[in-house]
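Asker: what follows is a predicted protein model with its sequence.
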Amino acid sequence: MKHKALPLIALALAAGAAAFWRTDPLGWRTGDGGTQLTLYGNVDIRQVQLGFRVSGRLIEALVDEGDKVKAGQKLASLDTQPYQDQIAIAQAQVGSARAPLDKLVTGPRQAEIDKARANHAERVADQQNAELAFERTARLRPGGAVSEAALDQAKAARDMAVARTQSAQEALRLLEEGTRPEDIAAARANLQASESSLASAQTSLKDATLVAPADGVILSRVREPGAIVSPSDIVYVLSLANPVWVRAYIAEPNLGRIHTGMRVQGFTDSAPDKPYSGTIGFISPVAEFTPKSVETPELRTDLVYRLRIVIDQGSNGLRQGMPVTVRIPLGKGDAGGS
């Protein structure tokens with residue numbers, strides 16, 4: 001009788017355990033009167049490919065693979081002599097463009113106007129003398145006192161004097177009117193173009209120095225000093241210290257039990273007793289098949305939704321691609337269903 005009771009007791013214990021501890025796809029578990037959701041994923045650390053925005057010869061590479069760097073730290077630099085030469089040329093062009101603009105804005109000096117008036121008066125006097133000489137020659141021509149050639153010469157001298165007078169008068173008028181606004185605008189635009197060229201040259205000089213955009217660790221050093229690099233070339237690959245994310249996946253039946261902002265804990269095989277705290281930062285609105293890289297004991301053909309879990313800063317020890325078990329404590333209101 002006692003031996004017959006043993007199988008019954010075993011069946012009862014198994015049934016009780018099944019009711020007490022339930023596992024759904026991708027780790028939905030209930031036990032000890034509380035609930036938690038266990039998910040599986042991998043560490044996702046952002047990487048940045050670093051390079052120069054300008055081309056040139058690499059003259060120094062200051063860090064190597066595995067080195068920790070801080071934001072703003074100098075990593076490498078190019079030969080800056082070509083860019084310093086460009087700055088010198090651009091500065092000279094700015095000076096050449098500024099001088100005419102200053103002259104136009106200031107306008108003509110009074111001494112220049114007085115000189116133009118005197119020149120005009122002189123040209124008027126020359127014109128009057130030339131006209132008198134022509135008239136005198138014209139009166140003498142009918143009597144044969146002067147030749148036809150002399151008359152033509154007097155007429156040419158008069159016409160030249162008239163032209164010089166008109167030119168002097170126009171020059172005086174322009175000085176008295178001052179600088180035209182369109183001339184000032186054209187000179188100012190020329191100066192601005194020169195200043196833009198100078199700013200571009202200064203930017204190129206600054207871009208000849210490569211600095212770390214954020215804290216992180218150098219994953220690879222691709223170029224060595226002496227190499228000629230272009231803006232499309234990668235010099236370093238930087239693994240960012242922050243943010244550190246865990247990419248995990250959840251089955252559709254459990255999707256309603258989580259939300260962004262929930263606190264979670266992550267565990268790794270290398271440190272199973274050391275939890276990494278984090279927060280659910282993103283839940284994908286699009287279903288996908290479970291990636292084969294996710295370490296889960298379930299079949300990988302189910303449709304799931306991707307989660308991005310943001311690990312708190314200062315969580316050292318996580319490496320790119322490392323498998324992580326994510327446990328999400330749930331309240332009683334979140335434990336129902338499935």
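Answerer: Arrived safely, thanks for sending.

Asker: which residue is most remote from the mean position of the chain?
Answerer: Note on the chain: the largest C-alpha distance from the chain mean falls to Gly143, namely 90.2 Å (Cα atoms, centre = their mean).

Asker: what's the helix or strand hosting Ala97 packed up against?
Answerer: Remark: Ala97 resides in helix 81-106, with elements defined by DSSP states H and E. Applying 3 or more Cβ pairs under 8 Å, 6 or more residues apart in numbering; DSSP states H and E, one finds that helix 81-106 makes contact with helix 181-207. No exception for glycine: its C-beta is placed from N, CA and C like everyone else's.

Asker: would you indicate which residues of stretch 103-115 are buried?
Answerer: Of the residues in stretch 103-115, those buried by neighbour count under the rule 16 or more other Cβ atoms under 10 Å are Leu104, Pro108.

Asker: residues contacting it, please?
Answerer: When contacts are defined by Cβ atoms under 8 Å, 6 or more residues apart in numbering, stretch 103-115 is touched by residues Leu172, Leu175, Glu176, Gly178, Thr179, Asp183, Ile184, Ala187.

Asker: one more time with 7 Å
Answerer: Applying Cβ atoms under 7 Å, 6 or more residues apart in numbering, the external contacts of stretch 103-115 come out as Leu175, Glu176, Gly178, Thr179, Asp183, Ile184, Ala187.

Asker: low-confidence ranges in the protein?
Answerer: Where the chain drops to pLDDT under 70, the residues are 1-34, 177-178, 290-302, 314-315, 331-338.

Asker: all the strands of it, residue numbers only.
Answerer: Assigned by DSSP state E, the chain shows strands spanning 22-23, 28-31, 34-50, 56-61, 68-69, 74-78, 209-211, 216-221, 228-229, 236-251, 263-267, 276-289, 303-311, 323-330.

Asker: right, so of those, which gets closest to Ala149?
Answerer: Taking Cβ to Cβ as the criterion, Ala149 comes closest to strand 56-61 out of the strands of the chain, the separation being 73.3 Å.

Asker: domains of the chain?
Answerer: Following automatic domain parsing, one gets these domains for the chain: 21-46+240-334, 48-78+204-237, 86-193.

Asker: circling back to that earlier point, what separation do you get for the residue farthest from the centre of the chain and Arg188?
Answerer: In this structure, Gly143 lies at 64 Å from Arg188, with Cβ to Cβ, to the nearest Å as the measure.

Asker: so how do I select the buried members of the contacts of stretch 103-115 in ChimeraX?
Answerer: Selection of buried members from these for ChimeraX, criterion 16+ other Cβ under 10 Å:
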select :175,179,187
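
Asker: wait, which of the contacts of stretch 103-115 is closest to Gly321?
Answerer: Closest approach to Gly321 among the contacts of stretch 103-115 (Cβ to Cβ): Ala187, at 61.5 Å.

Asker: now that closest one: how far from Val105?
Answerer: 8 Å.

Asker: next one: Leu198
Answerer: Distance, Leu198 to Val105, by Cβ to Cβ: 20 Å.

Asker: got the contact list for the nearest residue to Arg188 once chain neighbours are set aside?
Answerer: Spatially, and ignoring its direct neighbours in sequence, Arg188 is nearest to Leu101 (5.7 Å; Cβ to Cβ, 6 or more residues apart in numbering). By Cβ under 7 Å, 6+ apart, the contact set of Leu101 is Ala187, Arg188, Leu191.
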